[in-house]
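Undergrad: Kindly return the folded structure for what I paste below:
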Amino acid sequence: MKKYRIEHFKSIYEFESALKSRPINKDFDISDGSADTHKSNWFQTKDYDEAEELLLNGWNAKIDELKGTLEKFSRKVAVQQRITENNVVGFMPNVPRAIKGYPDSMFSHREVNKTETRNTIHIIYSMSSCAGTSGNQLLQAGLAILKMAMILDKSNIRTKIDLVPFESYEGGDYIACTVGIKDYRQSFNFSKMAYPIANPSFFRRHGFRYLETLSGDLYKWSCGYGGNTYGRSDTSEYLKQAGFADEGTIYITYDDCRRGDYDPMKIMNSKGIKIK
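TA: A predicted model of the protein is given here:
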C-alpha cells in the first residue's frame with residue numbers, strides 16, 4: 001500500500017523552526033545534500049548558512065524587476081461610485097419635495113469609494129524538478145509565479161500562496177510539505193517572498209533539509225532524494241491526499257511554468273485563470 005507523508009507549515013518561521021529543531025536522519029550525509037558546498041551554481045547559494053540567511057532576512061536581487069511588473073499591471077482596486085441624493089443645494093430641483101416645502105429639495109451628487117468584493121485563488125506552487133534543471137530555469141519559473149500572483153492581486157483577485165519546497169516519490173511512497181508565505185489579506189513583501197518563490201536554494205537546500213530531518217527509515221530516499229511526483233498514473237490520488245486538488249486551489253509545478261515559456265499570462269491561461 002502506498003504511503004503519503006505530507007506536512008503543512010503555516011509560515012516560513014514555523015518551517016525553519018522545524019528544520020532547526022529536528023536531528024539529521026542517520027540515512028543521510030548532508031555534505032552531499034543540503035549542505036553541499038561544491039555546486040553553488042546549481043544551488044544558487046554557496047552553502048546552507050547563506051540560504052538560511054536569505055530565507056529569514058530577504059533577497060533583494062530581483063526587486064527592481066518585480067516592481068516593474070507590479071507597475072505594468074497596476075489597476076485600481078477601489079472604484080468611485082456616484083450617489084445621487086437630496087440636499088439643500090444641488091444641480092437640479094426635486095420637484096415633489098420642493099412642492100411639499102422640504103428644505104433638502106435639490107438633487108446632488110456625492111462621490112464615494114467602494115471596495116469591490118474580491119474573488120480568491122489559492123496558489124500552490126511546487127518547484128520540485130529533476131537534477132538536470134538549471135538554477136536559472138528554476139529562477140525564471142519562480143519569478144513567473146510571483147508576477148502571476150501580483151497580476152491577480154492587481155486585478156481584484158486575492159491570492160493565498162503556499163509553496164512546496166519538497167515533493168517526491170520513491171518506491172511507491174510519497175513525501176511532501178507545504179509552506180505558507182502569503183495569506184489572502186497580506187500585501188506583497190517583495191524581499192521576503194522573492195527568495196522562497198524564485199531562488200532555487202529554497203528547494204535544493206531547504207527542501208532537501210526537510211527530507212533529511214524526517215524520522216524513520218528513509219534509506220531508499222538517500223540516493224537521489226526520490227523522483228518527480230507528477231506525470232505518474234496515480235498523481236491524481238496523491239494530489240487529493242495532499243489537499244492540492246481542493247476547490248479554489250490552483251496547483252502549479254515547475255513543468256507547468258516551463259511549458260508556459262515562463263510567461264505568467266500563458267501559465268494562467270493553461271490553468272483556466274481568466275482576468276478582465
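Undergrad: Quick check: R158 vs R185, distance?
TA: 7 Å (Cβ to Cβ, to the nearest Å). (C-beta placed from N, C-alpha, C; glycine too.)
Undergrad: Between the two, which is the more surrounded one?
TA: Between R158 and R185, counted using other Cβ atoms under 10 Å, the more crowded position is R158 (18 against 8).
Undergrad: My guess is that one contacts I123. True?
TA: No: look at R158 against I123 with Cβ atoms under 8 Å: they stay out of range, at 10.8 Å.
Undergrad: The residue lying closest to L218 once chain neighbours are set aside: helix or strand, and which one exactly?
TA: Among residues not flanking L218 along the chain, D27 sits closest, at 4.7 Å (Cβ to Cβ, 6 or more residues apart in numbering). Per DSSP states H and E: D27 is located in neither a helix nor a strand.
Undergrad: what about D27, distance to G216?
TA: Taken as Cβ to Cβ, the span from D27 to G216 is 9 Å.
Undergrad: With neighbour numbers in mind, choose between these two.
TA: Comparing D27 with G216 by other Cβ under 10 Å, the one with more neighbours is D27, at 16 against 8.
Undergrad: list the contacts for the more buried one?
TA: D217, L218, Y219, W221, S222 (Cβ atoms under 8 Å, 6 or more residues apart in numbering).
Undergrad: Now do the strands in the stretch 1-150 of the chain.
TA: 4-9, 78-87, 92-93, 106-115, 119-126 (DSSP state E, counting those that start in this stretch).
Undergrad: Spatially central residue for the chain, please.
TA: Compute the mean C-alpha point of the chain, and by Cα atoms, centre = their mean the closest residue is I161, 3.3 Å away.
Undergrad: partner residues bridging it?
TA: I123, K182 (DSSP bridges).
Undergrad: same check, this time on Y251
TA: Beta-bridge partners, per DSSP bridges, of Y251: I124.
Undergrad: right, and it touches Y238 too?
TA: No: assessed by Cβ under 8 Å, Y251 is found out of contact with Y238, at 10.7 Å.
Undergrad: on that earlier part again, what about the residue nearest to the centre of the chain, distance to K39?
TA: Applying Cβ to Cβ to I161 and K39 gives a distance of 28 Å.
Undergrad: need the contact list for G135.
TA: N41, W42, F43, Q44, P200.
Undergrad: OK, contacts around the third one?
TA: Think F43. Contacts of F43 (Cβ under 8 Å, 6+ apart): D36, A51, G135, P200, S201, R204, R205.
Undergrad: Please convert the residues you listed to TSV, extending it with distance to D246 and pLDDT.
TA: Listed next are these as TSV, based on distance: Cβ to Cβ, whole Å; pLDDT from 0 to 100:
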residue	distance to D246	pLDDT
D36	35	93
A51	30	93
G135	31	87
P200	27	91
S201	29	93
R204	28	95
R205	29	95
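Undergrad: tell me which of those residues is nearest to K3?
TA: For the contacts of F43, the minimum distance to K3 (Cβ to Cβ) is 24.2 Å, reached by R204.
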